[in-house]
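*Asks:* One predicted model, sequence on top.
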Amino acid sequence: MKPTLLLALAACAAALPLSRASGQTPLPMGTFSTGESFGGEGATFRFEAAAPGFLTVVVRADGDAVLTVMDDEYQILPNGRSDQDLGGDVGAEQSVVALPEAGVYLVAVDPLGAGPLRFEIGGSFLASDLVAEPADPDAKPGGAVALDLGESRAASLDPLEGDHRDWFAIRVEEGGLLTVVTRSEGTGDLKLEVFRDGDVRNPAGSSDQDMDGVLGNESVSLEVGAGETVHVRVSRPFGGSGRIDYRVGSGLIPG
């Protein structure tokens, strides 16, 4: 962002305390406020929605930035990541994200680089039942369904019923090579991701290979340690509204 524009925005905004990944500042609504990040750490803001609706967030930064809208477990919402560099400005990001239910949501501004980042951020919210969806217990890591090694479990995704993603948790008692697979029953495209160390924003491995020409046949392998719990997310890579039936399973080669 040009220095003159930053000054103009700052003059009409109420300054916020610094917000880093270790803390959360309320997301400014209906106005712009100043934020900063240092050492490559992002700034995180908190928004509590009283109802379903559309959250709009605008960021203008003096360096390269990524804007992310997440649920309260740091899971990125559909269409919740913006690295558009609008108008060729690497610090210009904005998103309109559907919030399917009332609750707490998180907004992160992350620098692409290790230097300090100064930015202006503002939001607005339009409550609407147009995007309301039924509660889905296994749509978040905290509601992950336990999946035993060697078990094959039937599951489904049904976006029209608010079922966009399924989470599973696999605990391994000994180290080795863990492989997680999905097999679709009928048509429908799937994406398989695995997460570790409590990081649900950045997968340790993912698959959208469409193995053997089948859109829902995916496989991910990774080395794991004894006593580790790996989280698995199954979702649709490009959205869509049709129901997909599939099976998910895992196996371990010790070593």
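*Replies:* Ah, there it is.
*Asks:* Quick check: bridge partners of the residue nearest the centre of the chain?
*Replies:* Residue closest to the mean C-alpha point of the chain, counted by C-alpha atoms, centre = their mean, is residue 76 at 1.4 Å. For residue 76, the beta-bridge partners under DSSP bridges are residue 70.
*Asks:* That one against residue 68, yeah?
*Replies:* Yes - at 5.8 Å, residue 76 counts as touching residue 68 under the criterion of C-beta atoms under 8 Å. Glycine gets a C-beta too; all of them are placed from N, C-alpha and C.
*Asks:* Now do the shared contacts for those two.
*Replies:* Counting by C-beta atoms under 8 Å, 6 or more residues apart in numbering, the contacts common to residue 76 and residue 68 are residue 201.
*Asks:* thinking again about what came up before, if I look at the residue nearest to the centre of the chain, how far off is residue 225?
*Replies:* Computed with C-beta to C-beta, to the nearest Å, the distance linking residue 76 and residue 225 is 26 Å.
*Asks:* Same check on residue 244?
*Replies:* 32 Å.
*Asks:* okay, the two: which has more neighbours?
*Replies:* residue 244 (24 against 10; other C-beta atoms under 10 Å).
*Asks:* what residues are up against the more buried one?
*Replies:* 156-158, 184, 186-190, 216, 236.
*Asks:* for it, which residues make a bridge with it?
*Replies:* So, taking DSSP bridges as the rule, residue 244 has residue 157 as bridge partners.
*Asks:* Residue 230 too?
*Replies:* Applying DSSP bridges, one finds that residue 230 bridges with residue 170.
*Asks:* Quick check: it touching residue 220?
*Replies:* No - taking contacts as C-beta under 8 Å, residue 230 lies outside contact range of residue 220: 9.7 Å.
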